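K.L.:
need a 3D model of the following:
(chains A and B)
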Amino acid sequence: DAGVTQSPTHLIKTRGQQVTLRCSPKSGHDTVSWYQQALGQGPQFIFQYYEEEERQRGNFPDRFSGHQFPNYSSELNVNALLLGDSALYLCASSMYQETQYFGPGTRLLVL
Amino acid sequence: SQKIEQNSEALNIQEGKTATLTCNYTNYSPAYLQWYRQDPGRGPVFLLLIRENEKEKRKERLKVTFDTTLKQSLFHITASQPADSATYLCALPPTSGTYKYIFGTGTRLKVLA
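P.N.:
Next comes the predicted model:
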């Protein structure tokens, strides 16, 4: 049973560029949440997708957008990248909301 | 809004000793609380969930307590090993009608051989 997978593992972009990160949830999970984790901080909730709809959004600007596909996989898009967007981006999947299973993360560096 | 606090200072202990990590929260009465382990550059791994009506929960060398009066959870690792060195995160579940988990900043544990 494959766990949560994310791609790519690492990414380097320059300011102003756009990036797309991908996530495949654990088998049987229908809910995907995205988190941003800066160095030395806990994961910060970006948004959650369920049934292909954004169900809740954290305190992130509209530059952060997402999508969930019919197979429950998800994408996180960030436009107009800023230096401060450099972080570890985590995807977590769940069923019935209680326990989240995290992927290995995508390390994004914005230069 | 609810807040969660963990000791952000690193905790160094000798191998074989018991490590105790603290998680305090405010402005919330959660139905449960979770603990995760995170290794550098990796995603958090779920360890334990303790419900409000459970005073204590154990899993192998791990023990978690939940004091809803003090609004505090303690996470213990007994007979600690260097392989236990990692950052440990506590997380509050979403409040009613929401879907947002709140994570602490984590406590970095280093077990010295």
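K.L.:
low-confidence ranges in the chain?
P.N.:
You didn't pick a chain, so chain A it is. Filtered on pLDDT under 70, chain A yields the residue ranges A:1, A:97.
K.L.:
would you tell me which residues of it are close to chain B?
P.N.:
Taking C-beta under 8 Å from any C-beta of the partner chain as the measure of proximity, chain A contacts chain B at A:4, A:6, A:33, A:35, A:40-45, A:48, A:50, A:55-56, A:58, A:88, A:90, A:92, A:97-105, A:107. Just so you know, the C-beta spots here come from the backbone N, C-alpha and C atoms, and that holds for glycine as well.
K.L.:
quick one: which of those sit in strands?
P.N.:
The strands, defined by DSSP state E, take in A:6, A:33, A:35, A:44-45, A:48, A:50, A:55-56, A:88, A:90, A:92, A:101-102, A:107 from these.
K.L.:
pull the distance from stretch A:44-62 to the chain's centre.
P.N.:
9 Å (C-alpha atoms, centre = their mean, to the nearest Å).
K.L.:
what's the end-to-end length of it?
P.N.:
Start and end residues of stretch A:44-62 are separated by 16 Å (C-alpha to C-alpha, to the nearest Å).
K.L.:
repeat that for stretch A:60-74.
P.N.:
18 Å.
K.L.:
do stretch B:74-92 as well
P.N.:
End-to-end distance (C-alpha to C-alpha), stretch B:74-92: 14 Å.
K.L.:
which stretches in chain B count as strands?
P.N.:
Applying DSSP E to chain B gives strands spanning B:3-6, B:11-14, B:19-26, B:32-38, B:45-51, B:56-59, B:62-67, B:72-77, B:86-92, B:102-103, B:107-112.
K.L.:
A:Ser73 is nearest to which of these?
P.N.:
For the strands of chain B, proximity to A:Ser73 was assessed by C-beta to C-beta; strand B:45-51 is nearest, at 20.7 Å.
K.L.:
closest one to chain A among the strands of chain B?
P.N.:
Across these, chain A has its closest neighbour in strand B:102-103 (3.6 Å, C-beta to the nearest C-beta).
K.L.:
which other helices and strands does the closest one contact?
P.N.:
In terms of contacts (3 or more C-beta pairs under 8 Å, 6 or more residues apart in numbering or on different chains; DSSP states H and E), strand B:102-103 is packed against strand B:3-6, strand B:86-92.
K.L.:
relative to its centre, which residue of chain B is most distant?
P.N.:
Residue farthest from the centre of chain B, counting by C-alpha atoms, centre = their mean, is B:Gly97 at 24.2 Å.
K.L.:
quick one: it and chain A, what's the gap?
P.N.:
Shown here: B:Gly97 relative to chain A, a distance of 10 Å by C-beta to the nearest C-beta, to the nearest Å.
K.L.:
neighbours around residue 82, how many?
P.N.:
By default, I'm working from chain A. Around A:Leu82 there are 12 other residues, counting by other C-beta atoms under 10 Å in any protein chain shown.
K.L.:
my question was about chain B, not that one.
P.N.:
Using other C-beta under 10 Å, B:Pro82 has 10 other residues around it.
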